[in-house]
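J.: Structure here, sequence nowhere to be found:
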Ligand code: SF4
């Protein structure tokens with residue numbers, strides 16, 4: 001139902017922000033995930049964008065807006081084989097690069113090589129999210145909180 005039908009005097013127009021008003025771009029690279037959180041809106045999709053599409057989206061975002069930060073998110077972006085290439089591409093554009101992740105693969109990598117690769121590629125920030133229903137929610141959460149407590 002259109003909002004005008006509920007409230008005829010109320011008009012909502014598409015917001016067209018100026019270029020400088022949208023400094024943050026999010027890219028949903030893949031809808032695949034290694035968890036099945038109860039609240040996730042991606043549970044029934046498994047689409048994975050091609051590297052070419054992802055790089056094109058980055059280019060379009062930077063071209064159309066004055067982007068200073070790009071967030072890579074999924075699904076779960078650590079499942080992407082080309083993740084480090086994407087990070088390097090973003091950094092080559094002189095843009096801050098962050099990633100939203102459930103953190104499972106990073107924290108379960110005994111060698112820390114995965115994290116080192118991400119950092120070496122230029123990843124500036126990791127944003128961890130925990131949701132009820134994650135298979136290893138308690139184990140992962142305690143890992144993170146123990147780690148934070150060490151610093
Ligand atoms: S970790 Fe994130 S993407 Fe994966 S199922 Fe949970 S909410 Fe969805």
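T.: Cool, got the structure. All values derive from a computational prediction rather than experimental measurement. Numbering: from 1, shown residues only.

J.: count of neighbours near residue 23?
T.: A total of 13 residues lie near residue 23 under the criterion other C-beta atoms under 10 Å. Using the backbone N, CA and C atoms, a C-beta is placed for each residue, glycine as well.

J.: OK, contacts around it?
T.: The neighbours of residue 23, taking C-beta atoms under 8 Å, 6 or more residues apart in numbering as the test, are 65-69.

J.: which non-adjacent residue is nearest the spatially most central residue of the chain?
T.: For the chain, the residue nearest the mean C-alpha position is residue 73 (1.8 Å; C-alpha atoms, centre = their mean). Using C-beta to C-beta, 6 or more residues apart in numbering and skipping the chain neighbours, the partner closest in space to residue 73 is residue 100 (4.0 Å).

J.: Tell me who's in contact with that neighbour.
T.: 71-74, 77, 127, 129.

J.: Of these, which are in range of the ligand?
T.: By C-beta under 6 Å from any ligand atom, the members of the contacts of residue 100 lying near the ligand are residue 74.

J.: that older thread, quick check: bridge partners of the residue nearest to the centre of the chain?
T.: residue 28 (DSSP bridges).

J.: returning to that earlier point: most widely separated two among the contacts of residue 100?
T.: Farthest-apart pair in these is 72 and 129; separation 13.2 Å (C-beta to C-beta).

J.: is any part of stretch 47-66 close to the ligand?
T.: No: Stretch 47-66 does not reach the ligand (C-beta under 6 Å from any ligand atom); its nearest approach is 12.5 Å.

J.: now that stretch: how far from the chain's centre is it?
T.: Taking C-alpha atoms, centre = their mean, to the nearest Å, one finds the center of stretch 47-66 at 13 Å from the center of the full chain.

J.: And stretch 113-125, by the same measure?
T.: For stretch 113-125, the distance to the chain centre is 15 Å (C-alpha atoms, centre = their mean).
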